[in-house]
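Engineer: Quick one: sequence plus predicted model below, questions after.
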Amino acid sequence: MAEGILLVISAPSGCGKTTILKQLMEKISGLEFSVSHTTRQPRVGEVNGVDYHFVSQEEFLALRDQQPSGFLEWAEVHGNFYGTARQEVDALLAASKDVILDIDIQGAEQVRKNADPVTVFINPPTLAELERRLRGRGTESEESLSVRLANAEKEMAAAKNYRYLIVNDELGQAVRDLQAIIAAERRRRNTPQVNRTVART
Ligand code: ADP
Ligand code: 5GP
């Protein structure tokens, strides 16, 4: 049985990535969302073990410092620690599940060093719209909002390192774009290698 596809999705905070992924998961089967560990406080409505594994800094550092590390990748993002548990991802891929990692640009860089993920970056239509969405969500303090907006441009500059770029303007279209990428990558995986090579005369 072929191993699953590892999908890495990044976007500036407030762009709509979580919203897109929730809709996508309802439309596609065989896809699993890797639940990250984080030291950030849960937002209203977030569920431990579903949205994140919410852990203390001590718990996070203990996992990080295991030999080998308990994390496939980890990073400090907007002042909190986030990491992807290695065991969880390995088990899903081995069971032929396609796995989505919703991680930042630093984490994506680390995964690229150790694996060959399908990488997708999601941009907002404009920075003004990004701010409007982030404010509209109503989850961030003014301080957290400033940090997230200040990081957005730096993050968007890393989009060139990703295989695909999606602009989340109209939500339904963004979900369909991501669906199309996954469908194409699944076909690519199932195509014998010989068909991919260009015949030389
Ligand atoms: P992220 O996970 O990237 O931080 P969210 O999914 O939480 O962002 O979305 C941020 C806010 O923007 C939410 O209030 C969401 O409802 C809204 N949103 C997401 N996509 C769109 C879109 N295409 N058009 C308008 N608002 C959107
Ligand atoms: P939020 O606090 O808004 O849920 O996420 C903030 C940022 O952390 C987002 O860019 C998100 O993709 C990133 N993130 C979430 N989980 C992980 C993870 O496991 N590793 C890394 N490197 N980034 C993560």
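Structural biologist: Nice, I can see it. What you are looking at is a predicted structure, and each value in this text was computed from that prediction instead of being measured. Numbering: from 1, shown residues only. Ligands and ions are numbered 1, 2, ... in the order given.

Engineer: ranges for the helices of this protein?
Structural biologist: Shown for the chain, the helices assigned by DSSP state H span residues 17-27, 57-64, 86-94, 105-114, 127-137, 142-157, 171-189.

Engineer: what's the pLDDT at G30?
Structural biologist: Among the per-residue scores, G30 shows a pLDDT of 93.

Engineer: residues in contact with it?
Structural biologist: G30 makes contact with G4, S96, K97, D98, according to CB atoms under 8 Å, 6 or more residues apart in numbering. (C-beta placed from N, C-alpha, C; glycine too.)

Engineer: For beta bridges, what are the partners of the last one?
Structural biologist: It stands for D98. Beta-bridge pairing for D98 (DSSP bridges): L31.

Engineer: Can you give me the first-to-last residue distance of stretch 8-20?
Structural biologist: This stretch, stretch 8-20, spans 14 Å end to end (CA to CA, to the nearest Å).

Engineer: and the residue of the chain found nearest ligand 2, how many neighbours does it have?
Structural biologist: Ligand 2 sits closest to G107 of the chain, with a gap of 2.5 Å, by CB to the nearest ligand atom. When neighbours are counted by other CB atoms under 10 Å, G107 registers 23.

Engineer: Nearest residue to it in space, please, no chain neighbours.
Structural biologist: E73 (4.3 Å; CB to CB, 6 or more residues apart in numbering).

Engineer: which residue packs closest to the one residue sitting closest to the centre of the chain, ignoring adjacent ones?
Structural biologist: Residue closest to the average C-alpha location in the chain (CA atoms, centre = their mean): D102, at 1.8 Å. Here the nearest residue to D102 in space, its sequence neighbours aside, is I9; by CB to CB, 6+ apart that works out to 5.4 Å.

Engineer: can you count the residues close to that neighbour?
Structural biologist: Neighbours around I9, by other CB under 10 Å: 25.

Engineer: On the strand side of things, show who it bridges to.
Structural biologist: Counting by DSSP bridges, I9 is bridged to D102, V120.

Engineer: dump the residue contacts of it.
Structural biologist: K17, L21, I100, L101, D102, I103, T119, V120, F121, I122, L178.

Engineer: Then R64?
Structural biologist: G70, F71, W74, F81, G83.
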